[in-house]
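Visitor: I'll drop the sequence and a predicted model, then ask my questions.
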Amino acid sequence: MLHPEWSYQAVIYEMNVRQLTPEGTLRAAAGRLPFLRDMGIDAVWLMPVHPVGVEGRKGSLGSFYSIRDYCAVSSELGTMEDFDALVTEAHRLGMKVLLDWVANHTARDARWIAEHPDFYERDAGGRPAVPWDWTDTAQLDYANREVWRAQADAMEFWIRDHAVDGFRCDMAMLVPIGFWNATVERLRAVKPDLFMLAEAEETNLFGLPAFDACYAWEMHHLMVDVAQQKVRLTALRDYLYADRGRYPRSAMRLTFTSNHDENSWSGPEFGRFGDAREAMTVFSFVVPRGLPLVYTGQEVGYDHSFAFFDRDPIPASCYRANAFTELYRRLIRLRHDNPALAAGERGGEMIELHNNAGDCLWTMVREVEGNRVAAVMNLSPYAIHADYHTGIYAGMYTDAMTGADYELRGRVEEDMAPWAYRILVRRT
């Protein structure tokens with residue numbers, strides 16, 4: 001499967017418009033785009049911008065994922081003209097825009113409840129059914145093919161009339177794969193370079209023509225467990241090898257240390273990862289098949305768990321370029337400059353280098369023709385004496401984080417501090 005050309009070495013930014021700026025509007029969010037582009041971001045994924053349901057609303061503003069009207073913009077965030085202006089500015093800066101899409105359910109007071117009551121599953125009392133415990137939502141009935149048509153019509157509206165470049169599809173595994181295949185085929189007839197990201201990791205998501213990328217949820221949770229020493233690095237390594245056999249080589253996997261779910265329900269990455277935060281951030285950029293994600297606030301190191309249903313914005317005084325910004329800028333440059341780190345079928349596979357501390361030390365090379373990236377990472381809270389053999393990968397490299405020359409000898413012995421890492425680049 002061929003993905004849009006821009007996506008192979010891309011880094012995606014998840015934008016929580018409600019919390020990104022003190023104003024909490026699309027117009028104000030558009031003002032942040034030059035900052036993100038200067039950092040190197042390639043695509044902005046907007047959390048849902050649609051009107052939020054009132055019936056059963058949680059908190060003062062409700063959940064973005066309780067949608068009243070698929071073809072409108074929430075007045076809380078601005079107008080359709082504001083949305084179009086944000087997309088235009090993103091495109092002017094060379095960035096793509098992905099829109100969050102919630103296909104499984106709507107708000108309990110959505111337009112479709114009155115206009116198309118047959119679109120919904122019903123409970124024993126004849127009311128629209130509630131999926132899971134999401135009491136502010138109503139479950140759509142995908143046994144009704146008119147639901148398929150209406151969803152596809154709404155998605156086409158955003159790509160045809162409002163220049164959206166793709167969709168992040170919420171809880172994609174709850175909707176029949178047949179719907180996704182049929183709908184994406186229709187949408188790609190309108191926009192051949194459409195990009196589709198699934199919030200799911202079922203392996204059938206990658207049958208043509210459905211998705212370009214899916215979440216790496218399991219890997220994320222293992223990263224947290226390694227950081228908290230609930231498991232050792234061997235569990236993460238085992239996952240990487242098993243994952244290689246589960247998906248086609250073209251599959252892109254969204255890699256992250258935070259997103260809106262993790263941040264709001266499990267806390268910011270500073271608490272979840274502790275001293276491992278920086279090393280695991282780097283890991284998310286160099287892991288095979290990875291498509292890295294940066295969530296709102298991470299670009300300035302904002303250590304805060306956003307309220308999900310209320311306004312809880314980043315103070316303007318906190319939104320300044322700093323060491324966290326520079327770390328992401330370096331990592332994004334590393335990804336852009338090295339085809340070996342590309343996602344999907346273009347990137348290099350993981351080649352492990354034998355070392356003496358397999359439960360702590362990750363030593364690997366990724367290589368494609370003319371480009372090699374080596375990672376040496378102590379993914380543990382222990383100081384270790386590393387001893388590893390590089391074989392044919394010995395030679396002169398550039399340290400990607402410092403720019404200094406570095407000789408990778410045939411056998412390397414060195415002391416490594418907890419969570420220390422070195423990322424080396426070579427043009428062969």
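Guide: Received it, and whenever you're ready, just let me know what you need.
Visitor: return the set of buried residues in the helix or strand containing Glu326.
Guide: If you go by DSSP states H and E, Glu326 is part of helix 323-337. Applying a neighbour-count criterion of 16 or more other Cβ atoms under 10 Å, one finds Phe324, Thr325, Leu327, Tyr328, Arg329, Arg330, Leu331, Ile332, Leu334, Arg335 buried in helix 323-337. For the C-beta atoms, the positions are set from N, CA and C on the backbone; glycine is no exception.
Visitor: outside of that helix, which residues touch it?
Guide: For helix 323-337, contacts defined as Cβ atoms under 8 Å, 6 or more residues apart in numbering pick out 9, 11, 38-41, 278, 281-282, 285-286, 292, 294, 298-301, 341, 373, 400-401, 423, 425.
Visitor: quick one on the thing from earlier: now the buried residues of helix 323-337 as CSV including pLDDT and distance to Lys96?
Guide: Output for those, formatted as CSV (pLDDT from 0 to 100; distance: Cβ to Cβ, whole Å):
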residue, pLDDT, distance to Lys96
Phe324, 98, 23
Thr325, 98, 21
Leu327, 98, 23
Tyr328, 98, 18
Arg329, 98, 19
Arg330, 98, 22
Leu331, 98, 19
Ile332, 98, 15
Leu334, 98, 20
Arg335, 98, 15
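Visitor: re earlier: can you say which of the contacts of helix 323-337 are buried?
Guide: 9, 11, 39-41, 278, 281-282, 285-286, 292, 294, 298-301, 341, 373, 400, 423, 425.
Visitor: just the ones of the contacts of helix 323-337 in helices?
Guide: Asp38, Met39, Glu278, Thr281, Val282, Phe285, Val286 (DSSP state H).
Visitor: low-confidence ranges, the chain, go.
Guide: Within the chain, the ranges that satisfy pLDDT under 70 run 1, 208.
Visitor: farthest residue from the center of it?
Guide: Distance from the centre of the chain peaks at Gly125, with 39.0 Å (Cα atoms, centre = their mean).
Visitor: between the two ends of stretch 51-67, what distance do you get?
Guide: 6 Å (Cα to Cα, to the nearest Å).
Visitor: what does stretch 387-400 give?
Guide: Start-to-end, stretch 387-400 (Cα to Cα) is 21 Å.
Visitor: quick one: buried residues of it?
Guide: Those would be Tyr388, Thr390, Tyr393, Gly395, Tyr397, Ala400, for stretch 387-400 by 16+ other Cβ under 10 Å.
Visitor: could you look up the SS state of Leu236?
Guide: helix (DSSP: H, G, I helix; E, B strand; the rest coil).
Visitor: show me what contacts it?
Guide: Leu236 touches Met219, Leu222, Met223, Val226, Leu379, counting by Cβ under 8 Å, 6+ apart.
Visitor: and if we set it to 10 Å?
Guide: Residues near Leu236 by Cβ atoms under 10 Å, 6 or more residues apart in numbering: Met219, Leu222, Met223, Asp225, Val226, Met280, Phe283, Val287, Trp362, Leu379.
Visitor: okay, those in JSON lines with distance to Ser75 and neighbour count next?
Guide: As requested, the contacts of Leu236 are exported to JSON lines (distance: Cβ to Cβ, whole Å; neighbours: other Cβ atoms under 10 Å):
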{"residue": "Met219", "distance to Ser75": "39", "neighbour count": "23"}
{"residue": "Leu222", "distance to Ser75": "41", "neighbour count": "20"}
{"residue": "Met223", "distance to Ser75": "39", "neighbour count": "26"}
{"residue": "Asp225", "distance to Ser75": "42", "neighbour count": "14"}
{"residue": "Val226", "distance to Ser75": "44", "neighbour count": "27"}
{"residue": "Met280", "distance to Ser75": "39", "neighbour count": "25"}
{"residue": "Phe283", "distance to Ser75": "41", "neighbour count": "23"}
{"residue": "Val287", "distance to Ser75": "41", "neighbour count": "26"}
{"residue": "Trp362", "distance to Ser75": "49", "neighbour count": "26"}
{"residue": "Leu379", "distance to Ser75": "46", "neighbour count": "23"}
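Visitor: now distance to Leu2 too, for those, in JSON lines please.
Guide: Shown next, in JSON lines, are those (distance: Cβ to Cβ, whole Å):
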{"residue": "Met219", "distance to Leu2": "25"}
{"residue": "Leu222", "distance to Leu2": "30"}
{"residue": "Met223", "distance to Leu2": "29"}
{"residue": "Asp225", "distance to Leu2": "35"}
{"residue": "Val226", "distance to Leu2": "34"}
{"residue": "Met280", "distance to Leu2": "31"}
{"residue": "Phe283", "distance to Leu2": "27"}
{"residue": "Val287", "distance to Leu2": "22"}
{"residue": "Trp362", "distance to Leu2": "31"}
{"residue": "Leu379", "distance to Leu2": "34"}
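Visitor: which of the residues you listed fall in helices?
Guide: Met219, Leu222, Met223, Asp225, Val226, Met280, Phe283.
Visitor: farthest-apart pair in the residues you listed, please.
Guide: Asp225 and Phe283 (13.3 Å; Cβ to Cβ).
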